[in-house]
Structure formats: structure tokens, C-alpha cells
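J.: Can you look at this prediction? I've put the sequence above it.
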Amino acid sequence: MGEEGVPDVPAEAPLAPTEDQGENVESMETPLEPPCMDLTDYKPKVDHFEQIHALGKENVVLGAPNFRQVSDFPVFGCAQPTEEGLVKVLEMAPKGSNDKPAKTIWFNMRQEPVVYINGHPYAPRHPDRMHDNLEVDATVEEMENLQSHFANIIQQRIAEDPDRKLKISKDCEFTENPMDRENIEENINAEDVKTLAEVFEARKENGFADLEYVRVPVVEESAPQEICFDILVNKLKHEPAATQCSFSCQAGRGRTTLGMVVACLVKEIQISSELRRMEQVGLLPGDTVENIIKSKFEFPLPKTQVEDDPFIKGEFEVIKELLEKLPGAKEGKSKVDRVIDICGPAPKGTGLQNLRECIIETKWKYDVAPEDRQVAFKQMILNFMERYFFLICFAVYAKENGPTSFGKSFSQWMEEHAELRTMIAEGKDKLEWYRQVDPAKLNTLKDLMNTPNYKENMTTLIRTIYEFAFVTYADLPRGPIKNNSMKKLAAKTLMEILPEDLAKNVQKKLEEQNVSPEFLTLLGIITYYGEGEGEKA
């Protein structure tokens with residue numbers, strides 16, 4: 001995909017808009033409030049990338065990757081759909097009857113602006129940070145206004161190009177760590193530009209009159225602000241539990257799952273509260289109410305091999321502190337954990353990401369990543385921890401305030417529990433960031449290495465180091481992450497026990513051969529070069 005130059009347009013011969021672009025160019029002249037930031041130099045990057053769909057071929061909805069529904073809930077999720085994909089998703093949802101059409105609220109869980117070019121979604125990226133989504137301290141209204149400004153910027157670029165072409169960017173493929181992503185550019189024929197809000201408005205005017213669009217400004221891979229919970233609750237609390245809710249973000253992963261979890265919690269409370277009221281007025285016997293609630297919201301989920309791991313269960317230090325100090329937090333954690341599971345991947349759910357398990361899963365990736373890649377993974381871990389912490393807090397809040405129709409906002413509730421903000425701020429990084437062999441065991445290895453005939457001890461050294469690595473990572477499930485973690489720790493341990501002269505020699509050979517300090521590589525250097533330069537075994 002080669003890039004094409006963009007020639008200058010003579011000032012005396014401006015390009016006239018095509019008939020198809022007429023209405024959009026006119027919209028450029030509509031006065032807008034000043035933008036909260038300048039996006040003039042920002043590049044449009046397409047949302048979709050190769051292998052964005054991760055839920056299997058049998059679940060593909062063209063134009064709406066990762067589409068799924070939470071079992072037994074009118075709650076749906078997907079990646080940012082194309083215009084055609086949006087229509088397909090809306091057509092798949094129940095329609096209701098002519099007398100009582102089914103309403104759908106579509107929650108856009110993205111803070112960053114989204115514009116549609118030729119029916120496909122794009123977001124603005126800073127030229128120097130093409131793999132980072134926009135992060136702005138702004139209100140929902142300001143972000144909608146900024147979105148309109150970015151659409152106007154795109155339209156202006158198209159109008160200034162004689163061939164009506166637009167340079168766009170996209171990821172070559174998806175990688176979890178932003179530092180591993182590769183950006184590529186190409187020029188496209190741009191025939192149509194709309195904001196996300198305009199796309200939804202067009203659907204309302206063409207067959208989906210009961211569709212409502214709501215922006216919930218969550219930053220990618222980050223904990224949501226308290227106002228985001230308030231936006232969700234305020235929109236849902238006056239709706240019947242049967243109102244359909246669809247959620248989307250760029251890939252339909254973390255932010256979408258967050259919205260789905262909150263919606264399921266709210267709907268469960270609405271249904272349970274209504275059943276309790278029916279019991280109180282004598283419409284249903286108590287046993288029937290209990291059976292309905294248990295069968296719908298408390299049925300057993302499939303077991304997994306790793307679910308007894310304390311970290312898979314979310315038993316981190318700051319979470320244990322929350323359970324100890326916040327009344328109702330243990331019950332809240334139990335409730336939100338179950339909803340997280342049914343909104344997460346199989347076998348318990350139908351989704352992409354488990355918002356609890358992803359904390360330790362990302363920590364495992366951090367453990368085996370090179371140091372320059374660990375920075376991004378560490379920030380993700382801290383954000384995921386904070387997100388999970390606030391979800392437990394929200395579950396406690398919802399249990400207390402849901403039965404009274406959420407008369408108090410989550411932000412107000414957090415003001416009354418302001419110490420929780422300090423708790424998570426100070427406690428979210430209380431993790432064992434670096435695993436090491438027990439010091440006493442390390443001294444044993446050093447003794448074996450410091451003898452004149454250390455090469456005769458190599459078999460014992462190798463076996464002992466591997467045993468220590470296995471014990472250190474005994475909590476990890478079998479698989480490549482565990483294997484790589486053990487190899488990395490084994491290499492690190494071997495370097496630590498080398499005598500100073502031998503360590504310098506090994507480091508010199510690594511630099512000369514331009515190789516990384518893998519365990520087997522280190523063994524080869526130690527065995528063949530010994531303590532002296534060029535010395536052979």
C-alpha cells in the first residue's frame with residue numbers, strides 16, 4: 001500500500017464539493033463552540049485491524065467484531081461497528097411489537113472522538129503517539145463538540161486534495177502492548193464523512209426510532225471515572241429491566257465489558273427489587289421469589305483449573321483491605337465477581353476479557369517481558385486493579401441504593417466514603433513486581449559456583465536453578481507464560497551467582513555476539529569460556 005503525495009491546490013481554483021458531499025460541507029459552516037483542544041495535526045486512524053475478532057468464526061457479525069450477548073440478559077457488546085455492522089446488530093435485537101416496540105440504548109464507552117469515513121470508524125491520534133488513544137479532561141458535551149470539529153477537519157483535508165483522497169493510518173495487527181504495534185499509512189478515496197452521533201441519528205430516522213445513543217467517556221485500558229458510573233446509572237435507572245443495552249468501544253474488549261458488567265448489576269437489582277415488592281404485596285409467595293432469583297442470578301457456573309488461585313480470585317492486598325474495612329464489600333465482591341465471570345470469556349461467559357483475572361494475567365506477561373516493554377504492562381496492571389476495586393465499590397453502592405431507584409449517585413456515595421479513594425491510590429501497586437530465589441538458596445548456589453572446579457558442579461547447578469524457578473512460579477498455570485517466566489528467572493539467577501571476573505567475561509561475550517542473556521546461552525558461554533578470556537572447557 002504505497003503513499004501518494006498530496007499536491008497543493010491553487011488558491012484561485014478551489015475544489016467544488018460533489019453532490020454526495022454537499023450536505024456535509026454545509027454542516028462545516030454550522031457554528032460550533034470552540035473545541036476543548038486543537039486536532040488540526042491529528043491523524044485519523046481506523047479502528048479495525050487484522051484479527052480484531054476474537055470470539056470464533058461461528059460468532060462473526062460482519063462489521064461488528066466480537067458481537068455477543070450476556071446469557072439471560074438483554075445486554076450486548078461489540079467492537080466499534082461499521083455503519084453496516086450497526087444496522088446488522090440492531091436488526092438482530094428483538095423488535096418488540098407494534099404497540100410496544102423494544103427500546104435499545106447504545107452506550108459508546110469511548111472518551112475519544114469517532115468519525116466515520118466511507119462507513120468505517122476512525123479516531124484521531126497524535127502524530128507522535130499513533131498507538132495511544134486521546135485522553136482529555138473534558139465533559140461529554142465538550143467531547144461531542146470536539147468530535148464535530150474533527151469531522152470538519154477531515155472534510156477540509158478532503159476538499160483541499162484534487163483527487164479527494166485522505167491519508168489514513170491503521171495498525172498492521174493487534175498486539176496487547178502498545179509498544180509492539182506497527183502503524184502503516186495509505187491514501188483512500190474519501191466519499192463520506194460523519195460523526196458517530198450523526199451515524200446514530202441516521203439510524204433513528206431510518207427504521208430504528210426507539211434507538212438512543214449515549215457516550216460514556218472511558219479511557220482505553222483505564223479505570224473509569226466516578227462520573228462514568230453515574231452516566232450509566234442515570235440512563236438505566238428509569239428504564240425497565242427489559243430495555244436492551246448495547247455497548248461498544250474500539251475492539252469491544254475492556255471498556256465494553258465494563259459497561260456490560262455495570263448494566264447487568266443494575267438490571268439484576270431492578271428485577272430482584274421488583275420481585276421483592278411483589279412478594280411484599282402478596283402477588284408472589286416468598287419461596288417462589290427466592291427460587292426465581294436463585295435460578296436466574298445464582299445458578300452454578302462451570303469450574304476451571306485455575307479458579308482456586310488466590311490471584312485469579314482477585315485476592316490482592318488492596319482488595320483484601322477493602323473487604324476488611326468496607327461493610328458489605330465481601331458480599332459486593334461475590335456479586336460482581338459472578339457478573340464479571342458471565343461477561344468474561346468461556347467457559348463461564350460469552351465475552352473477551354475477565355475484568356478480575358486480567359490483573360494477574362497481565363502481571364504474568366509483565367514478568368516475562370523485556371524491561372522496555374514492562375512499563376506499559378505495569379501501567380495496565382495498576383489501571384486494571386483500580387477498575388476492579390471500583391467495581392466492587394459500585395456493587396456495594398448498588399446493593400444499598402438500587403432498591404430505592406438509585407436516589408443517590410455513585411459520586412455522592414464515594415464522597416461519603418472518600419477514604420476508599422486514598423486506599424486504592426496508595427494500595428494498587430502493592431504487588432510482588434520482581435520474583436527472586438530465596439536468599440538462603442541463592443547462597444547455596446553461589447557456594448557451588450565459587451569453587452575452583454565449578455564446572456564439575458554444573459549438572460547440580462542447572463538442576464537446582466530449575467527446581468528453584470519451578471517452585472517460585474508454582475502458582476502459574478501450565479503454558480508458555482509459565483515456561484518463559486521460569487527461563488527468565490533461571491537466567492537472572494545464574495547471572496547473580498557468577499563470580500565477578502566470570503560475570504564480566506560473560507557480559508563481554510554477550511555484547512560481542514549481540515545476543516540476549518537466555519539461560520542456555522549463558523550456560524554455553526560459561527562452559528566454553530570459563531573464567532579467562534578465550535579459555536575453553
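T.: Done, it's in.

J.: Which helix in the protein has the most residues?
T.: Counting by DSSP state H, the longest helix found in the chain is helix 371-401.

J.: Which parts of the stretch 251-400 of the chain are helices?
T.: Here the stretch 251-400 of the chain has its helices, by DSSP state H, counting those that start in this stretch, at 254-280, 286-297, 317-325, 329-343, 357-368, 371-401.

J.: Determine which of those approaches residue 248 most closely.
T.: In terms of C-beta to C-beta, the element of those nearest to residue 248 is helix 254-280, at 5.8 Å. Glycine gets a C-beta too; all of them are placed from N, C-alpha and C.

J.: Buried residues, the closest one. List them.
T.: Residues of helix 254-280 classed as buried: 254-272, 275, 279 (neighbour count, 16 or more other C-beta atoms under 10 Å).

J.: Give me the helices and strands touching it, please.
T.: Applying 3 or more C-beta pairs under 8 Å, 6 or more residues apart in numbering; DSSP states H and E, one finds that helix 254-280 contacts strand 75-79, helix 226-236, strand 244-249, helix 286-297, helix 329-343, helix 371-401.

J.: So for residue 450, which of those sits nearest?
T.: Closest to residue 450 of the helices and strands packed on helix 254-280, according to C-beta to C-beta: helix 371-401, at 28.1 Å.

J.: what about stretch 433-445, average pLDDT?
T.: Across stretch 433-445, pLDDT averages out at 72.

J.: re the thing from before, what lies in contact with whatever helix or strand comes next after the longest helix of the chain?
T.: Per DSSP states H and E, the first helix or strand lying C-terminal to helix 371-401 is helix 410-416. Helix 410-416 has contacts (C-beta atoms under 8 Å, 6 or more residues apart in numbering) with 226-227, 229-230, 233, 393-394, 397, 400-401, 420-421.

J.: Count the neighbours of residue 305 for me.
T.: 9 (other C-beta atoms under 10 Å).

J.: ah, wrong one, I meant residue 469
T.: 24.

J.: contacting residues around the closest residue to it other than its chain neighbours?
T.: Nearest residue to residue 469 in three dimensions, chain neighbours excluded: residue 486, at 4.1 Å (C-beta to C-beta, 6 or more residues apart in numbering). Listed by C-beta under 8 Å, 6+ apart, the contact set of residue 486 reads 466, 469-470, 472-473.

J.: Show me the helices in the stretch 101-250 of the chain, by range?
T.: Along the stretch 101-250 of the chain, counting by DSSP H, counting those that start in this stretch, helices occupy 140-160, 196-204, 226-236.

J.: Tell me the one among the contacts of residue 486 nearest to residue 284.
T.: Ranked by distance to residue 284 (C-beta to C-beta), those are led by residue 473 at 52.1 Å.

J.: does that closest one really touch residue 484, like I thought?
T.: No: counting by C-beta atoms under 8 Å, residue 473 sits too far from residue 484 to count as a contact (9.8 Å).

J.: For the residue nearest to residue 63 when sequence neighbours are not counted, the count of nearby residues, please.
T.: Counting by C-beta to C-beta, 6+ apart, residue 63 lies nearest to residue 85, which is 2.4 Å off, once chain neighbours are set aside. A total of 23 residues lie near residue 85 under the criterion other C-beta under 10 Å.

J.: Quickly find the element holding residue 85.
T.: helix 83-92.

J.: got the buried residues for that helix?
T.: By 16+ other C-beta under 10 Å, the buried positions in helix 83-92 come out as 83, 85-90.

J.: tell me what it is packed against?
T.: strand 75-79, helix 196-204.

J.: Do me a favour and average the pLDDT over it.
T.: On average, the pLDDT along helix 83-92 is 94.

J.: that older thread, kindly present the helices of the stretch 251-400 of the chain as a markdown table, with separate columns for mean pLDDT and distance to residue 458.
T.: What follows is those, written out as a markdown table (pLDDT from 0 to 100; distance: least, C-beta to C-beta, whole Å):
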| stretch | mean pLDDT | distance to residue 458 |
| --- | --- | --- |
| helix 254-280 | 93 | 46 |
| helix 286-297 | 85 | 59 |
| helix 317-325 | 97 | 39 |
| helix 329-343 | 97 | 47 |
| helix 357-368 | 88 | 25 |
| helix 371-401 | 93 | 28 |
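
J.: got CSV for those helices, with distance to residue 523 too?
T.: Listed next are these as CSV, based on distance: least, C-beta to C-beta, whole Å:
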stretch, distance to residue 523
helix 254-280, 41
helix 286-297, 55
helix 317-325, 37
helix 329-343, 43
helix 357-368, 19
helix 371-401, 22
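
J.: And those helices: which comes nearest residue 120?
T.: helix 254-280 (18.3 Å).

J.: relative to helix 371-401, how tilted is that closest one?
T.: On the basis of axes from the mean of the first three to the mean of the last three C-alpha atoms, to 10 degrees, helix 254-280 is oriented at 20 degrees to helix 371-401.

J.: how far off helix 357-368 does helix 254-280 point, in degrees?
T.: Following the same axes, to 10 degrees, one obtains 150 degrees for the angle between helix 254-280 and helix 357-368.

J.: from the chain's centre, how far out does helix 254-280 sit?
T.: Relative to the centre of its chain, helix 254-280 is centred 23 Å away, using C-alpha atoms, centre = their mean, to the nearest Å.

J.: ok, residue 422 - how many residues close by?
T.: The number of residues packed near residue 422 is 9, by other C-beta under 10 Å.

J.: just for this protein, where's the confidence low?
T.: By pLDDT under 70, the low-scoring segments of the chain are 1-30, 97, 173-179, 434-438, 475, 528-537.

J.: Give me the residue at the spatial middle of it.
T.: What sits nearest the mean C-alpha location of the chain, by C-alpha atoms, centre = their mean, is residue 254, with 3.1 Å.

J.: Neighbour-wise, which one of the contacts of residue 486 leads?
T.: Counting neighbours by other C-beta under 10 Å, residue 469 comes out on top of the contacts of residue 486 with 24 neighbours.

J.: isn't that residue right up against residue 493?
T.: Yes: with contact defined as C-beta under 8 Å, residue 469 counts as touching residue 493 (7.2 Å).

J.: that older thread, now do the contacts for the residue lying closest to the residue nearest to the centre of the chain once chain neighbours are set aside.
T.: Computed as C-beta to C-beta, 6+ apart, the closest residue to residue 254 that is not its neighbour in sequence is residue 353, at 5.6 Å. Residue 353 sits next to 253-254, 257, 344-345 when contact means C-beta under 8 Å, 6+ apart.

J.: Please render the helices of the stretch 101-250 of the chain as TSV that adds mean neighbour count to the earlier fields.
T.: Below are those laid out as TSV (neighbours: other C-beta atoms under 10 Å):
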stretch	mean neighbour count
helix 140-160	20
helix 196-204	17
helix 226-236	20
